[in-house]
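Enquirer: What follows is a predicted protein model with its sequence.
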Amino acid sequence: KAGVTQTPRYLIKTRGQQVTLSCSPISGHRSVSWYQQTPGQGLQFLFEYFSETQRNKGNFPGRFSGRQFSNSRSEMNVSTLELGDSALYLCASSQRADIQYFGAGTRLSVL
Amino acid sequence: QKEVEQNSGPLSVPEGAIASLNCTYSDRGSQSFFWYRQYSGKSPELIMFIYSNGDKEDGRFTAQLNKASQYVSLLIRDSQPSDSATYLCAVRGRNYGGSQGNLIFGKGTKLSVKP
């Protein structure tokens, strides 16, 4: 069974631009969660989607948004990029509500 | 503010020894507890999960949970150099709106196993 697939793996953007990251969960998994990982703050929860509905949201500004499609694939969008948005963005999928499996991540660099 | 605390390390142990990693959490309503391993430059990989008080063993790994003390630990027996990584503790609490809360991660403990 294929794992969680995140695309692209690497991105370089400049301040003020926007970016869209994609996540395809493990087949049969309906829940997708997004996290931001930085050396200083560690892994921080962004949001969780289940059956196309946002179920939980972390403490991030409205520039961070997401959505989930009927096939459970998910996208997250960051608008008006700031230097501090440089991070590893991780997607995790789960079948049961709480056992999450991570993708390889998208490393975003904002210049 | 719900928090998960871990000693950042580095924790250095000789090959073959037992490595003991500890984690405390602030939310008494927490329901599920997880340990992930993250190699440098890689994504977190699930090692263990535990829901009930006591010990849970899986191969060389043992997770221990004490809800009264709000404490969860991971023991790695017969440590190998390949165990050198950052170990992340994660806790899922109850979302007081009724659904399950999100996972809250500690910042991780870096383990180094010396040959």
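Expert: Cool, got the structure. Residues are numbered from 1 along each chain as shown, chains lettered A, B, ... in the order given.

Enquirer: So which residues on chain A come close to chain B?
Expert: A:33, A:35, A:41-45, A:48, A:55-56, A:58, A:88, A:90, A:97-105 (Cβ under 8 Å from any Cβ of the partner chain). The C-beta positions use only the backbone N, C-alpha and C, and glycine is treated the same way.

Enquirer: Just the buried ones from those residues?
Expert: A:33, A:35, A:42-45, A:48, A:55-56, A:58, A:88, A:90, A:97-105 (16 or more other Cβ atoms under 10 Å in any protein chain shown).

Enquirer: how close does A:Q18 get to chain B?
Expert: Here A:Q18 is placed at a distance of 24 Å from chain B (Cβ to the nearest Cβ, to the nearest Å).

Enquirer: What of A:Y89?
Expert: Going from A:Y89 to chain B by Cβ to the nearest Cβ gives 10 Å.

Enquirer: Name the SS class of that residue, please.
Expert: Three-state assignment for A:Y89 (DSSP: H, G, I helix; E, B strand; the rest coil): strand.

Enquirer: which one's the longest strand in chain B?
Expert: strand B:85-94 (DSSP state E).

Enquirer: mind checking pLDDT for the residue most central in space within chain A?
Expert: In chain A, the centroid-proximal residue (Cα atoms, centre = their mean) is A:W34; its distance is 3.5 Å. pLDDT, A:W34: 96.
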